[in-house]
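Q: sequence first, predicted model second:
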Amino acid sequence: MKILVVEDEERVAHFIQKGLKEEGHAVDVSYDGEDGEFLGEINEYDLIILDLMLPKKNGITVCRELRERGISTPVLMLTARDSVEDKVRGLDAGADDYLPKPFAFEELLARVRALLRRQSESKSPILKVADLELDPISRRASRAGKNIRLTTKEYALLEYLMRNPGKVLSRTLIGEHVWDMNFDPESNVIDVYVSHLRNKVDKGFDPPLIHTLRGQGYILTDDAPPG
């Protein structure tokens, strides 16, 4: 999943980013409210972790204005305050959950998993393309009934492809969603992971589902690829 962390304390932001990346998520970081709101509006995220006290624009305002613009991405609000009034203000502004600082990272992960699970269930419980299936809740993949063991990053790549069946996904889109906005599009890491995924998803099965469109990107489809 792709997550935006808006937190002005760099140490805390990097701590959250590192932990979430280890869980296989693509993570962008912003250090002030104005930039965080801008990123939350122009990019498609699965979750926004938003600090309450931010420079330039506070988290309450950011959350409320994102909701007013029709952005429905789940928001987990972080704050050093733990008063009922602040919780109510955050939830009334459109936040989906609230976590006071300091927090145990295990609790943050549990809340992130709960919000992402809720988001996945609202989109589709099981993703299917031909005889390939992926369960976002259990994070299990199978083809023709045979389980496919995936690394964390392979899973993230396959999920992104399966949420966009029949669509040509450029290297830039894949890099930004499966890695983060700082991904180097000149790197060959996407080619490497697509190759690994093909060996697990397509090898020994028919028809092949993952296709390369030279100069355009990749597409997952059981039909003949365009061009």
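A: It's in.

Q: use CA for all of it now, contacts and neighbours both
A: Fine.

Q: in this protein, what residue spans correspond to strands?
A: Assignment of strands within the chain using DSSP state E yields the ranges 2-6, 26-30, 47-51, 75-79, 97-100, 127-129, 132-135, 140-143, 146-148, 210-213, 217-220.

Q: buried stuff in the last one?
A: By that I understand strand 217-220. Residues of strand 217-220 classed as buried by neighbour count (16 or more other C-alpha atoms under 10 Å): 217-220.

Q: what sits up against that strand?
A: With C-alpha atoms under 8 Å, 6 or more residues apart in numbering as the test, strand 217-220 has contacts from 161-162, 164-171, 209-213, 225.

Q: low pLDDT regions in this structure?
A: Low-confidence segments of the chain (pLDDT under 70): 81-82, 120-124, 185, 227.

Q: in it, which spans are helices?
A: In the chain, helices defined by DSSP state H lie at 10-22, 33-42, 59-68, 84-92, 105-123, 152-162, 171-174, 189-201, listed in chain order.

Q: can you list those in TSV and add mean neighbour count?
A: Shown next, in TSV, are these (neighbours: other C-alpha atoms under 10 Å):
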stretch	mean neighbour count
helix 10-22	15
helix 33-42	18
helix 59-68	20
helix 84-92	15
helix 105-123	15
helix 152-162	20
helix 171-174	18
helix 189-201	16
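
Q: need these in CSV with distance to Met53, can you?
A: Formatted as CSV, those follow (distance: least, C-alpha to C-alpha, whole Å):
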stretch, distance to Met53
helix 10-22, 13
helix 33-42, 9
helix 59-68, 6
helix 84-92, 11
helix 105-123, 18
helix 152-162, 31
helix 171-174, 31
helix 189-201, 37
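
Q: out of these, the one nearest Met1 is which?
A: Of all the helices of the chain, it is helix 152-162 that lies closest to Met1, at 6.7 Å by C-alpha to C-alpha.

Q: will you turn the strands of the chain into TSV that also has distance to Asp86?
A: Compiled in TSV, the strands of the chain are given as follows (distance: least, C-alpha to C-alpha, whole Å):
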stretch	distance to Asp86
strand 2-6	18
strand 26-30	22
strand 47-51	12
strand 75-79	9
strand 97-100	10
strand 127-129	38
strand 132-135	36
strand 140-143	39
strand 146-148	45
strand 210-213	48
strand 217-220	45
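
Q: for Lys87, find the nearest of these.
A: Proximity to Lys87, assessed across the strands of the chain by C-alpha to C-alpha, is greatest for strand 97-100 (6.7 Å).

Q: what packs against that closest one?
A: Strand 97-100 sits against strand 75-79, helix 84-92, with contacts defined as 3 or more C-alpha pairs under 8 Å, 6 or more residues apart in numbering; DSSP states H and E.
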